[in-house]
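J.: just the structure for this:
(chains A and B)
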Amino acid sequence: MAKSKDKIREIVVLSGKGGTGKTSLTASFSALASSAVLADCDVDAADLHLVLPPTVLEKHEFISGYEATIDPSICTRCGICQRQCAFEAIDQPDGTGYAVNPVRCEGCGVCVRLCPVQAIAFTDRVCGQWMVSQTRNGPMVHAHLYAAAENSGKLVTLVRKEARRIAHAEGRSLVLVDGPPGIGCPVIASLTGADAMVLVTEPSLSGRHDMKRLITLARQFAIPVFVCVNKFDVDEQQSKAIELDCAGIEGVHYAGSIPYDEQVVKAQIAALSPVEFSQGKTSEAIKHIWELIWSRM
Amino acid sequence: MIIAVASGKGGTGKTFVSAHLARIISGGATLLDCDVEEPNDHIFIPARTTSSKVVSVEVPEVDSSLCDGCGECSQVCEFNAIAMVAKTPMIFDELCHACGGCVLFCPRKAMHGKKHRIGEVEIGEWEGITLVQGQLDVGVALAVPLIREVKRQLPQGEDHISIVDCPPGTSCPMVWSVSDCDVVVLVTEPTPFGLHDLTLAVDTLREVDIPFGVVINKDGIGDDRVLDYCRQQEIPVLARIPHDRRIATAYARGQLVSDSLLEYRVVFHNLLQAASDLIAKGGSHGKKQG
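T.: Residues are numbered from 1 along each chain as shown, chains lettered A, B, ... in the order given. Purely as a prediction, here's the structure:
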């Protein structure tokens, strides 16, 4: 379907509950769409590159916020830093001296300002890295948040912004965002300002419960939601119930269902998306869902 | 003894393993659901709520009769949660990390804390299990203060067993959930995504220095690379749970499979034993030797 060239659509794939098939679906959509830019916003545990092997073109450090470090040779052990830290981030490893626990420190700088002898340094924090790559289905922006690092929301925002910039520069009409699980900080960062959410769920009480919370979030941002049920045949009754759940909510559309299929894991092992790996009922189902969503954009 | 159940990748079976561990512990256990963005343990452990509390963080509020518009609060704030608009501080509650800096450093003492609700902690009982569940309000970004409140409910005492069901990922919410636990059970699945995210979780746990082992769930759906990785990294595999349609069906309906299929009671008993052996052995943090 022809789309206006000057408008970039941004579609974010989310699920609430993890492991319902966000990445397999995003990779499939990228094969079906003609000119997408991919953004892997699950920066905690990015997996899109495993099915879209990238040629990395650019690599950048992600520096965000600060971290505090106490110099034990200056510290007089007064303990003000520990009493005032809102994050329980000041430890006493040997029982007397103070040290900042870098995992807990959120970089607020309160201790740095309070320390009467200026024993606390405040330095830039390198939280991870982000990459611009070329894949067989188009450019991809992806990132890697370092172990136990902070600020995943900011990294998500950066990845999306870069993907939009590339879409503009290369005249591409679509940004496809592979989102993180949950409904908190990185999910909100993935969602704000997007044109549509594709919500992948599964027919279980957990999947449904998590879907409802995510729909509430999408409604707060007035973003249209397209629901698809993965592995629908694991429990057809609950799949039906999910379809009915969608019928009653404004801005929520039921986009279709995908069967349970061992080919999906085989595709993953072959580093391909399900629609590129095999032609069959799963591929057909995903194509139908994509055509429906794209026709409504 | 505190056992954390975590994973890098979502949907590998953290809640499945946590709820079943709590179920097979004789004499009762405490189950803490720290996946406050999407708590699911209550689906399997239908606890009757005995108490609940609202959890808030302290965000700043300005007393305009005292504020002279100096802008120090906005300077102090490292999270860009305070902007000066026409010599008046404008506060963005959702960006605030509740560090207290602006209140502390306001030269005119014009700032004070105001409670900003982020969610709820509920405590309930079911057949000897105490379920502590945190539930983040929809639209709230910061999960960590709520996770800390859930963890404050950990019972004291060496003999009592507590299970901590962690959120997915490897960043702050996961790290706060596993902190102070005696051992971490990492649940993964034998697929490329499962393996990749397992290696990220392993990096994080080595950073925080807590002993850990791996549970391979849905064993048989993929390949042997998770097993090879664990062998090579000398990470103990604590259990392998087969890919079994009966589990998927029970899980979908919110049922505990160990109640109907005795063989799974044995699987989780062995897992509990393997986890406590890992604590007893100590020292080994699943690190590659040499």
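J.: show me the longest helix that occurs in chain B.
T.: helix B:262-281 (DSSP state H).
J.: so what touches that helix?
T.: B:1, B:3, B:17, B:20-21, B:23-25, B:161, B:182-183, B:185, B:211-213, B:215, B:236, B:238-239, B:241, B:247, B:257-258, B:284 (CB atoms under 8 Å, 6 or more residues apart in numbering or on different chains). For the C-beta atoms, the positions are set from N, CA and C on the backbone; glycine is no exception.
J.: from those, which land in helices?
T.: Within the contacts of helix B:262-281, residues falling in helices by DSSP H are B:V17, B:H20, B:L21, B:R23, B:I24, B:I247, B:V257, B:S258.
J.: shaky segments in chain A?
T.: Under the criterion of pLDDT under 70, the regions of chain A flagged as low confidence span A:1-6.
J.: tell me where it has helices.
T.: A:22-32, A:48-51, A:80-84, A:110-114, A:152-170, A:185-191, A:205-220, A:236-247, A:263-269, A:274-277, A:281-295.
J.: contact residues of the stretch 51-200 of chain B facing chain A?
T.: For the stretch 51-200 of chain B, the contact set with chain A under CB under 8 Å from any CB of the partner chain comprises B:76, B:78-79, B:97-101, B:104-105, B:136, B:138-143, B:148, B:167-176, B:179, B:189, B:191-193, B:196-197, B:200.
J.: any idea how the chain splits into domains?
T.: You didn't say which chain, so I picked chain A. Domain assignment for chain A by automatic domain parsing gives A:9-52+A:148-295, A:65-125.
J.: other chain: chain B
T.: Using automatic domain parsing, chain B is parsed into the domains B:2-55+B:121-281, B:57-117.
J.: quick check: mean pLDDT across the shortest one?
T.: Confidence over domain B:57-117, taken as the mean pLDDT, stands at 94.
J.: chain center to it, what's the gap?
T.: 30 Å (CA atoms, centre = their mean, to the nearest Å).
J.: any idea how far apart the tips of it sit?
T.: 7 Å (CA to CA, to the nearest Å).
J.: using CSV, write out the CA atom coordinates for stretch B:165-172.
T.: Listed next in CSV are the C-alpha coordinates belonging to stretch B:165-172 (Å, rounded to 0.1, in the frame of the first residue of the first chain):
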residue,chain,number,x,y,z
ASP,B,165,11.2,-14.1,42.0
CYS,B,166,13.2,-11.4,40.1
PRO,B,167,12.3,-9.2,37.2
PRO,B,168,14.0,-10.1,33.8
GLY,B,169,17.0,-8.2,32.5
THR,B,170,20.4,-7.3,33.9
SER,B,171,20.0,-3.7,35.1
CYS,B,172,19.0,-2.0,38.3
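J.: report the buried residues of that stretch.
T.: By 16 or more other CB atoms under 10 Å in any protein chain shown, the buried positions in stretch B:165-172 come out as B:D165, B:C166, B:P167, B:P168, B:G169, B:T170, B:S171, B:C172.
J.: how about the strands in the stretch 51-200 of chain B?
T.: Ranges of strands in the stretch 51-200 of chain B, per DSSP state E, counting those that start in this stretch, are B:82-85, B:88-91, B:111-126, B:129-136, B:162-165, B:183-188.
J.: check which helices and strands the first one sits against.
T.: Here strand B:82-85 touches helix B:72-76, strand B:88-91, going by 3 or more CB pairs under 8 Å, 6 or more residues apart in numbering or on different chains; DSSP states H and E.
J.: okay, the helices of chain A in JSON lines with mean neighbour count and distance to chain B next?
T.: Putting the helices of chain A into JSON lines (neighbours: other CB atoms under 10 Å in any protein chain shown; distance: least, CB to the nearest CB, whole Å) gives the following:
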{"stretch": "helix A:22-32", "mean neighbour count": "26", "distance to chain B": "7"}
{"stretch": "helix A:48-51", "mean neighbour count": "23", "distance to chain B": "5"}
{"stretch": "helix A:80-84", "mean neighbour count": "16", "distance to chain B": "7"}
{"stretch": "helix A:110-114", "mean neighbour count": "21", "distance to chain B": "5"}
{"stretch": "helix A:152-170", "mean neighbour count": "20", "distance to chain B": "5"}
{"stretch": "helix A:185-191", "mean neighbour count": "25", "distance to chain B": "4"}
{"stretch": "helix A:205-220", "mean neighbour count": "21", "distance to chain B": "4"}
{"stretch": "helix A:236-247", "mean neighbour count": "16", "distance to chain B": "6"}
{"stretch": "helix A:263-269", "mean neighbour count": "21", "distance to chain B": "5"}
{"stretch": "helix A:274-277", "mean neighbour count": "23", "distance to chain B": "13"}
{"stretch": "helix A:281-295", "mean neighbour count": "18", "distance to chain B": "15"}
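J.: if we can go back for a sec, who wins for proximity to B:S64 among the domains of chain A?
T.: In terms of CB to CB, the element of the domains of chain A nearest to B:S64 is domain A:65-125, at 24.0 Å.
J.: just how off-centre is that closest one within its chain?
T.: Worked out by CA atoms, centre = their mean, domain A:65-125 lies 31 Å from the chain centre.
J.: I appreciate the help and will end here.
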